[in-house]
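# below is the structure, and that's it, no one-letter string:
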């Protein structure tokens, strides 16, 4: 139904949610993700939309904490989104996915790459592959090509769902190739 002003109502639009860090430590990633989603929505709408319906992007700041990730997903579900683009980090995706799954809402992340979300039958899709191959390749490269024999690793605990497995796979391959880990933080 179209209102008197001619604006879209829920029957005339497809609502797409966006969940990402729009403030705080990873806001550069979240803001760029939201902006990319907004550009895609504009382009699709300029081409006539989807099955004649315009898309509407509804962004939510997931605040870089597990509870705020879950709340962002709940807020989007309450606004009757069809799908959610996000989250932008692995930890936030792991936190928000159970809420989306319970509601039957698909999540699509352009950047999440934790192997913890690999091979599951769930409502989660991603563009970025798991980091396992990259981490293992870098471990071998450091030992075999750079000829490093000893190295220290440092990881970001704010996104441990991404950095812990990356670190683990890097270390395993580095040591397998003859390297030794001096310290890991």
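Arrived safely, thanks for sending. A quick note: this is a predicted structure, and the numbers were derived from the prediction, not measured.

# in the chain, which spans are strands?
Listed in chain order, the strands of the chain (DSSP state E) span 13-20, 54-61, 83-86, 106-109, 124-126, 150-153, 180-184.

# how about these in a markdown table, adding mean neighbour count and mean pLDDT?
C-betas here are computed from N, CA, C, even on glycine. Below are the strands of the chain laid out as a markdown table (neighbours: other C-beta atoms under 10 Å; pLDDT from 0 to 100):
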| stretch | mean neighbour count | mean pLDDT |
| --- | --- | --- |
| strand 13-20 | 24 | 98 |
| strand 54-61 | 19 | 98 |
| strand 83-86 | 25 | 97 |
| strand 106-109 | 21 | 96 |
| strand 124-126 | 16 | 94 |
| strand 150-153 | 14 | 96 |
| strand 180-184 | 11 | 94 |
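
# got these as CSV, with distance to residue 39 columns?
Converted to CSV, these look like this (distance: least, C-beta to C-beta, whole Å):
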stretch, distance to residue 39
strand 13-20, 12
strand 54-61, 10
strand 83-86, 12
strand 106-109, 16
strand 124-126, 20
strand 150-153, 36
strand 180-184, 39
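
# so which of those comes closest to residue 132?
strand 124-126 (13.4 Å; C-beta to C-beta).

# residues contacting residue 169?
Residues near residue 169 by C-beta atoms under 8 Å, 6 or more residues apart in numbering: 131, 132, 135, 136, 139.

# so the first one versus residue 169, what's the distance?
Here residue 131 is placed at a distance of 7 Å from residue 169 (C-beta to C-beta, to the nearest Å).

# relative to strand 13-20, how tilted is the biggest helix by length in the chain?
Ranked by residue count, the top helix of the chain under DSSP state H comes out as helix 27-46. Angle of helix 27-46 versus strand 13-20, following axes from the mean of the first three to the mean of the last three C-alpha atoms, to 10 degrees, is 170 degrees.

# what helices and strands are in contact with helix 27-46?
The contact analysis (3 or more C-beta pairs under 8 Å, 6 or more residues apart in numbering; DSSP states H and E) places helix 27-46 against strand 13-20, strand 54-61, strand 83-86.

# any idea which residue sits dead centre in this protein?
residue 88 (3.1 Å; C-alpha atoms, centre = their mean).

# next one: the residue nearest to that one when sequence neighbours are not counted from residue 135, what distance?
Counting by C-beta to C-beta, 6 or more residues apart in numbering, residue 20 is the residue found nearest to residue 88 once chain neighbours are left out, at 4.2 Å. To residue 135, residue 20 is 24 Å away according to C-beta to C-beta.

# give the contact list for the residue nearest to residue 88.
By C-beta under 8 Å, 6+ apart, the residues touching residue 20 are 29, 30, 31, 33, 34, 59, 61, 62, 86, 87, 88, 92.
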